[in-house]
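**Student:** Sequence and predicted structure, then a few things I'm wondering about:
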Amino acid sequence: MQKSDESIYTLQFGLVCLSSFLFSASFNMLIPELPAYLSNMGGANYKGLIIALFTLTAGISRPFSGKLTDTVGRVPVMAVGSIVCFVCGFLYPVLTTVAGFLFLRLIHGFSTGFKPTATAAYVADLVPQNRWGEAMGVHGVCFSTGLAIGPAIGSTITAHWSIDILFYCSSVFALLSIVILWNMRETLLEPKRFSFSHLKIQRKDIIEWKVIPAALITLLSYVSYGVILTVIGDWSKYLGTANKGLFFMVFTLTSLLIRFVAGKASDRYGRLLILKVSLVLLAVSLLCIGLANSSFLLMSASALYGVATGMLSPTANAWTIDLSDPDHRGKAMATMYIALEAGIGLGALLAGWLFIDDISTIPVTFFICTGITTLALVYLQFIYKRPKGISISS
C-alpha cells in the first residue's frame, strides 16, 4: 500500500481503471437490446429473467470469488471475469432459442461475480486508507463510462448492422480488458497456487458480517437499478426517446461528473452523511421517473438519478472497506456485491412480475422503488449504530 502523501494516480491504477471500463462496456452494451431480442424469440414473458438470471449467478459466485481473491490473488480472479464475457459474446448468436438465451444469461453472470470483487480489493491495496473514497470514485468514473458508452454503442451497432455483430463487439471489448490484465503486478502479499480445495466454501466464507450495514444499504438502493435495466427501454420508447440507450448515457454522464468529488467528500465529511444525501436524491429521482410524461422530463430524472448513484456507489464501496478486516477484504467486497446483485435481481423480478408489455404498470413500479429506497434512509438515520473503534467516516 502507498504512503498517504503519495499520488494514487499510478500506472497500475490507470491500467486497472482502463480494464474496468472495457469490461463494463462489454456487458452493458447488450442491455438495451436484449428485451426486444428475447421478445422476437417468443420469450416476452421472461423479460424479468434477463437481469435476474445474470445477477443470480453473479451472487452465487461471490463467495468463491471473494475466497479466491484472498488466497490465489486479485489479478487471476479479475481475468476470469473478463474471460467469461469474452466467451459468452460468441455464444449468443449460436444459442438462439429462449432456453439457450436464458442459459447464457445464467453463465454470463459469473463475469460480474468475479471481476468487480477482485478489482475493488486490488484498488484498496494500491492506495492509502485516507484516499479510499477518492480512489473508488475515480475507478467508478471509469466503470461508469463503460456503463454510459456501452448501451449507446450497442443500440447504434444493432441499428446499423445486426445484433449478432453487437455480440461479437462485446467479446472484443472483453478481450481487450483481459490483455490489459496480462502483466499487472499482483498486490496480494502471499498468493497461493490455485487448488480445487479453494472452491470448497464453508459457511464462514460466504458473508463478512462486519460489513452487513453497508451491504443492506446497497441491497435496498439497487432494487431500482434492476427495475431500470428491465423496463427503461420500453418506458423511454413510450415517452418518445428513439435511442433506448440514451437514458443510460444521461444518468451515467451525470454520475461521472459527481464521482470526481463524491469520493473525496466522503473521505472528508464521512460516509454516513454522503450516503444519506445520496439516498434522498435517489428517492426523488425514482419518483420523477415514474411521474415523467415526456422524453425531456425522463432525461431530467435520469440526470438526477445519475447524481444520486454517483454519490452512493463510491461511498458505499469505501464504507465496506472501512468496516472490513484487511485479511478479509475480498470476502467483504464479495458480501457487498452479493447484496448488490440481490437488489438488482429482486428489482428485475419485481419489474418482470408487474410489467408484461403493459406500459401502465411502469409508474407504479418506480413508486414502489421510491418506498424501498426510503427504507434505506430510515435505517441509516434511526436504526444504524456506529460500532466502537470504527473511524468516524464509518
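**Tutor:** All right, it came through fine. Numbers count the residues shown, from 1 in each chain.

**Student:** For stretch 197-212, report the contacting residues that lie outside it.
**Tutor:** If you take C-beta atoms under 8 Å, 6 or more residues apart in numbering as the criterion, stretch 197-212 is touched by 63-64, 66-68, 71-72, 192, 320, 323-325, 328, 331-332, 334-336, 338, 387. No exception for glycine: its C-beta is placed from N, CA and C like everyone else's.

**Student:** distance between the strand or helix carrying G290 and the chain's centre?
**Tutor:** For G290, the host element (DSSP states H and E) is helix 271-291. How far helix 271-291 lies from its chain's middle: 17 Å, per C-alpha atoms, centre = their mean, to the nearest Å.

**Student:** I'd like to know which elements the helix or strand that that helix is followed by is packed against.
**Tutor:** With elements assigned by DSSP H and E, the helix or strand that comes after helix 271-291 is helix 295-323. Judged by 3 or more C-beta pairs under 8 Å, 6 or more residues apart in numbering; DSSP states H and E, the packing partners of helix 295-323 are helix 98-126, helix 132-160, helix 212-238, helix 246-269, helix 271-291, helix 329-354.

**Student:** Out of the ones you listed, which gets nearest to L312?
**Tutor:** Among these, the nearest to L312 by C-beta to C-beta is helix 271-291 (4.0 Å).

**Student:** Please verify my assumption that L219 contacts Y337.
**Tutor:** No: assessed by C-beta atoms under 8 Å, L219 is found out of contact with Y337, at 10.6 Å.

**Student:** Show me which of those two is the more surrounded one.
**Tutor:** Y337 (26 against 21; other C-beta atoms under 10 Å).

**Student:** low-confidence ranges in the stretch 101-250 of the chain?
**Tutor:** Counting by pLDDT under 70, the stretch 101-250 of the chain shows low-confidence ranges at 244.

**Student:** tell me how far the ends of stretch 85-103 are from each other?
**Tutor:** Stretch 85-103 has an end-to-end distance of 14 Å (criterion: C-alpha to C-alpha, to the nearest Å).

**Student:** Residues in contact with it: which ones?
**Tutor:** For stretch 85-103, the external contacting residues (C-beta under 8 Å, 6+ apart) are 23, 26-27, 37-38, 41-43, 46, 49, 53, 104, 107-108, 111, 164, 167-175, 177-178.

**Student:** E33 - how many residues pack around it?
**Tutor:** For E33, the neighbour count with other C-beta under 10 Å is 21.

**Student:** which ones are touching the closest residue to it other than its chain neighbours?
**Tutor:** In space, and not counting its chain neighbours, E33 is closest to T158: 5.0 Å by C-beta to C-beta, 6 or more residues apart in numbering. Contact analysis of T158 by C-beta under 8 Å, 6+ apart lists 33, 165-166.

**Student:** Now render the residues you listed as a markdown table, adding secondary structure.
**Tutor:** Converted to a markdown table, these look like this (DSSP: H, G, I helix; E, B strand; the rest coil):
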| residue | secondary structure |
| --- | --- |
| E33 | helix |
| I165 | helix |
| L166 | helix |
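
**Student:** quick check, nearest of the residues you listed to F366?
**Tutor:** Nearest to F366 among the contacts of T158 is E33, at 22.1 Å by C-beta to C-beta.

**Student:** From G150, how far off is the closest one?
**Tutor:** Shown here: E33 relative to G150, a distance of 11 Å by C-beta to C-beta, to the nearest Å.

**Student:** Repeat that for S360.
**Tutor:** Note on S360: its distance to G150, by C-beta to C-beta, is 30 Å.

**Student:** what's the answer for L53, then?
**Tutor:** L53 sits 19 Å away from G150, going by C-beta to C-beta.

**Student:** Looking at the two, which is more packed in?
**Tutor:** The residue with more neighbours, out of L53 and G150, is G150; 29 against 22, by other C-beta under 10 Å.

**Student:** I'd assumed F23 was in contact with that one.
**Tutor:** No: counting by C-beta under 8 Å, G150 sits too far from F23 to count as a contact (10.0 Å).

**Student:** Name the SS class of F194, please.
**Tutor:** coil.

**Student:** And for N183?
**Tutor:** coil.

**Student:** Counting neighbours, what do you get for it?
**Tutor:** Neighbour number of N183 under other C-beta under 10 Å is 8.

**Student:** who touches it in this structure?
**Tutor:** By C-beta under 8 Å, 6+ apart, the contact set of N183 is empty.

**Student:** coming back round to it: want to throw the helices and strands packed on helix 295-323 into a markdown table with distance to Y305?
**Tutor:** Output for the helices and strands packed on helix 295-323, formatted as a markdown table (distance: least, C-beta to C-beta, whole Å):
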| stretch | distance to Y305 |
| --- | --- |
| helix 98-126 | 20 |
| helix 132-160 | 12 |
| helix 212-238 | 8 |
| helix 246-269 | 5 |
| helix 271-291 | 4 |
| helix 329-354 | 13 |
